[in-house]
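Visitor: Sharing a model that was predicted from the sequence below.
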Amino acid sequence: MSRNKTVYIVLLVILTICFWWFENFYTPDTYSAPDGEATSATRLPDDLVPSSTTGMVVSHNHFTLSYSEPHEQAEWVAYLLKKEHLTYEDRKRPYYIEDPKVRTKSADWRNYKGSGYDRGHLCPAGDRRFSEQAYNETFYTSNISPQDRDFNAGVWNRLEMQVRRWAKKEGLLFVVTGGILEDGLEEIGEEDVDVPRFYYKIVAKGKRESIKTLAFLIEGKESSLPLQRFLVPIDEIEERTGIDFFQAFPDTMEADFESGVSTSGWEF
């Protein structure tokens with residue numbers, strides 16, 4: 001018996017060491033090029049990075065996000081969308097993998113398995129077909145959120161396609177999107193990934209002094225209503241999320257375009 005006990009203790013010690021090593025030194029697979037090696041990165045300018053309620057801002061080569069560990073998803077994903085990004089390359093869909101830059105590890109894709117929810121992209125893969133790396137980066141699990149299938153393929157997809165039409169016309173857009181992460185949400189998987197009840201998308205164009213913005217807030221279920229029916233002031237989304245989306249802008253300038261809704265200059 002004493003010999004068996006010794007074996008069990010040794011095995012326990014080995015397992016403890018292996019777990020400690022995994023937690024501290026294991027590096028997940030990556031779709032991003034090492035820092036300094038990306039030659040065509042689409043970096044987000046510092047003055048367009050929203051505030052973070054979690055302090056966990058992660059920059060990839062073609063989008064930036066703020067990860068919320070309690071909700072196991074990003075509270076926002078922000079990126080630039082240029083006209084030249086909108087190609088029709090036939091990219092092979094890669095595996096969903098954990099984000100190597102999220103220090104607490106982003107949720108495993110298996111949390112979604114059998115949940116009845118889609119693994120919904122926040123930065124759409126369709127906006128990043130212009131390069132293999134840009135496309136693959138959108139399959140980090142930090143860039144996905146549980147979405148009702150009809151919503152994902154319906155009104156949310158209509159909005160994504162509308163944003164692409166604007167990019168083709170305007171040439172350059174700033175986009176920030178995410179779910180409204182709040183208390184009391186349904187959770188899925190072993191890691192308790194929260195299912196947002198509402199999703200938002202903010203789109204901006206033009207120079208700082210003449211910026212034009214639109215903000216959409218949509219319940220996570222299919223709707224045939226026109227997209228204009230989901231327009232809200234940016235202030236409303238900021239109040240519900242605690243995020244300051246244009247924190248680098250002067251307060252007086254923010255107040256001008258965040259407090260109301262104007263579709264002037266936007267074609268639906």
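Guide: All right, it came through fine.

Visitor: Can you tell me the element the closest residue in space to residue 126 that isn't next to it in sequence falls in?
Guide: Nearest residue to residue 126, sequence neighbours excluded (Cβ to Cβ, 6 or more residues apart in numbering): residue 160, at 6.8 Å. (Glycine included, C-beta is placed from N, CA and C.) In this structure, residue 160 is located in helix 155-170 according to DSSP states H and E.

Visitor: quick one: average confidence on that helix?
Guide: Helix 155-170 carries an average pLDDT of 97.

Visitor: what comes up buried for it?
Guide: Within helix 155-170, the residues that count as buried by 16 or more other Cβ atoms under 10 Å are 155, 156, 159, 160, 162, 163, 164, 166, 167, 170.

Visitor: Out of the residues you listed, which comes closest to residue 89?
Guide: Lowest distance from residue 89 to the buried residues of helix 155-170 (Cβ to Cβ) belongs to residue 164, with 14.3 Å.

Visitor: Residue 99 and residue 183: what is the separation?
Guide: Separation of residue 99 from residue 183 (Cβ to Cβ, to the nearest Å): 24 Å.

Visitor: who's more crowded, the two?
Guide: residue 99 (25 against 6; other Cβ atoms under 10 Å).

Visitor: Disregarding flanking residues, what is the spatial nearest neighbour of that one?
Guide: Among residues not flanking residue 99 along the chain, residue 142 sits closest, at 3.8 Å (Cβ to Cβ, 6+ apart).

Visitor: Hmm, residue 102 and that neighbour touching each other?
Guide: Yes - between residue 142 and residue 102 there is a contact under Cβ atoms under 8 Å: 5.4 Å.

Visitor: More neighbours: which of the two?
Guide: Between residue 142 and residue 102, residue 142 has the larger neighbour count (other Cβ under 10 Å), namely 28 against 20.

Visitor: Overlap in contacts, residue 142 and residue 102.
Guide: Counting by Cβ atoms under 8 Å, 6 or more residues apart in numbering, the contacts common to residue 142 and residue 102 are 58, 67.
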